[in-house]
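Student: no FASTA, just this:
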């Protein structure tokens, strides 16, 4: 069980970077060259390639070479489903609900915290 938890933690660490999440989104259901991905995420080709290497090492994406271009796609259908789950619209309702809940709760003020200390 520890191995599975460690492996899952490694995969989640890939998504701790905003550019890698953007790469993931840009590849949803498509195959793109490094140049196309770099343009989609507004990043340099070198930076994009580094992120793609990390993602490939974790089997998040796979690649194929066509002449001088390398094309990437999401590695398998389970990861593609996860990709769709990570889309911003998935979290919109959650974030709105969380924000309204926080606003409606009586959170401790600085004065309350001084009193408790």
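Tutor: Sure thing, it's come through. What you see is a predicted model; the values in this text were computed from it and never measured.
Student: wait, isn't residue 17 in contact with residue 51?
Tutor: Yes: using Cβ atoms under 8 Å, residue 17 is in contact with residue 51, at 7.0 Å. Every residue, glycine included, has its C-beta placed from N, CA and C.
Student: higher neighbour count, these two?
Tutor: residue 51 (22 against 13; other Cβ atoms under 10 Å).
Student: what about the more buried one, which helix or strand?
Tutor: helix 45-57 (DSSP states H and E).
Student: which residues touch stretch 59-72?
Tutor: 11, 14, 23-24, 27, 31-35, 37, 52, 55-56, 73-75, 79 (Cβ atoms under 8 Å, 6 or more residues apart in numbering).
Student: Just the buried subset of those, please.
Tutor: 14, 23-24, 27, 32-34, 37, 52, 55, 73-75, 79 (16 or more other Cβ atoms under 10 Å).
Student: Among those residues, which ones are in strands?
Tutor: Among the buried ones among the contacts of stretch 59-72, the members falling in strands (DSSP state E) are 32, 33, 73, 74.
Student: looking at this structure, which helix or strand does the model trust least?
Tutor: Within the chain, no helix or strand scores below helix 110-116, which has a mean of 50 by mean pLDDT, DSSP states H and E.
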